[in-house]
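K.L.:
Provided below are the primary sequence and the corresponding predicted coordinates.
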Amino acid sequence: MRIPVIAGNWKLFKTIAESLDLVNELKPLVAGNHGVEIVVAPVFTALSSINDAIKGSNISLAAQDCYWEEEGAFTGEVAPKLLKDVGCSHVIIGHSERRQYFGETDLTVNKKTKAAVSAGLKAIVCVGELLAERESEQTFSVIEKQIQGSLAGLAVEDFAHVIIAYEPVWAIGTGKTATDGQAQEVHAFIRKLITRLFNQSVADAVRILYGGSVKPDNVKGLMSQPDIDGALVGGASLKAETFAAIANFNV
Ligand code: PGA
């Protein structure tokens, strides 16, 4: 009942021309797959071109970040409604790289999530523990704090526009994937937490993606876990063939 989401986070890679090459190669490889919500998140400057390129396809467009105000004197920022305007249906919020390098906190993630949801975007809200936190057995307390802070004040109906991504920071770009069991354990914890903070039907419906070194050879194991509803893919999304192999895990 939860439609899987496979999202490619292209991070700070690729020019417009390179982005177009990638998406044009990807389109035919995933064209037959209607059981999965397939999303790509190019850099801001490629959004408009990619939006034109994916028209009529089963690929959706995401931005990698947004601001929480609609407009104003906020040099360098991009508002959710402008992302809608350029064709985005999704936006990634609070990726660990934003938290690590750009001062994102649960509070800013929360403001951005609310703004994205009220603009009608689907917010892919990221959480995840650091290696030191896992090693000191703080994973669950860290995740609880991030989920509570990032989703504070959302209404039950907002969850139609919320997707959660669990990305252990130690697994991102390192080639070290969480084992299926490690990932499932945290996903189940998050779903239980959502039941407690919101309600059972919200928890049953919300998609929780795993991210961190997802590859064609580990996606099936991860996706076979009961609480893993998709993947947020970095490195392996930069090649059409590997991203398609991940997106087509179900065919
Ligand atoms: P990775 O990145 O797949 O390269 O580990 C995942 C992410 O940062 O979303």
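P.N.:
Done, it's in. Residues are numbered from 1 along each chain as shown.
K.L.:
Retrieve the pLDDT associated with the residue lying farthest from the centre of the chain.
P.N.:
For the chain, the residue at maximal distance from the C-alpha centroid (Cα atoms, centre = their mean) is residue 73, at 28.3 Å. What the model reports for residue 73 is a pLDDT of 98.
K.L.:
cool, residue 46 as well?
P.N.:
With respect to pLDDT, residue 46 scores 98.
K.L.:
Checking it next. Helix, strand or coil?
P.N.:
Each residue gets one of three states, and residue 46 gets helix by DSSP: H, G, I helix; E, B strand; the rest coil.
K.L.:
So which residues make contact with the helix or strand of the chain with the lowest mean pLDDT?
P.N.:
For the chain, scoring each helix and strand by mean pLDDT, DSSP states H and E identifies helix 131-135 as the least confident one, at a mean of 94. Defining contact as Cβ atoms under 8 Å, 6 or more residues apart in numbering, one finds that helix 131-135 is touched by 139, 142, 168, 169, 170. Where you see a C-beta, it was placed from the backbone N, CA and C, and this is true even at glycine.
K.L.:
Flag every buried residue along that helix.
P.N.:
Neighbour counts over helix 131-135 (16 or more other Cβ atoms under 10 Å) mark 133, 134 as buried.
K.L.:
What residues does the stretch 101-250 of the chain have near the ligand?
P.N.:
For the stretch 101-250 of the chain, the residues in contact with the ligand (Cβ under 6 Å from any ligand atom) are 167, 172, 173, 211, 212, 213, 214, 232, 233, 234, 235, 236.
K.L.:
distance of the last one from residue 110?
P.N.:
Translated: residue 236. 30 Å (Cβ to Cβ, to the nearest Å).
K.L.:
Need the three-state assignment for the residue farthest from the centre of the chain.
P.N.:
Classified using three-state DSSP, residue 73 is coil.
K.L.:
Phi first, then psi, for it.
P.N.:
Listed backbone geometry of residue 73 is phi -80, psi 80, with angles given as degrees, to the nearest 10.
K.L.:
returning to that earlier point: which two of the contacts of helix 131-135 have the greatest separation?
P.N.:
Farthest apart among those by Cβ to Cβ are 142 and 170. That separation is 12.2 Å.
K.L.:
For the ligand, what is the nearest residue in the stretch 151-251 of the chain?
P.N.:
Using Cβ to the nearest ligand atom, residue 234 is the residue of the stretch 151-251 of the chain that sits closest to the ligand, at 2.3 Å.
K.L.:
give me the number of residues near the spatially closest residue to that residue that is not a sequence neighbour?
P.N.:
Once its chain neighbours are removed from consideration, residue 234 has its nearest residue in residue 9; the separation is 5.1 Å (Cβ to Cβ, 6 or more residues apart in numbering). Other residues within reach of residue 9 by the criterion other Cβ atoms under 10 Å amount to 26.
K.L.:
Pretty sure residue 63 is one of the things residue 9 touches, is it not?
P.N.:
No: taking Cβ atoms under 8 Å as the contact criterion, residue 9 and residue 63 are not neighbours in contact, 10.5 Å apart.
K.L.:
what sits in contact with each of these two?
P.N.:
In contact with both residue 9 and residue 63: 41, 92, using Cβ under 8 Å, 6+ apart.
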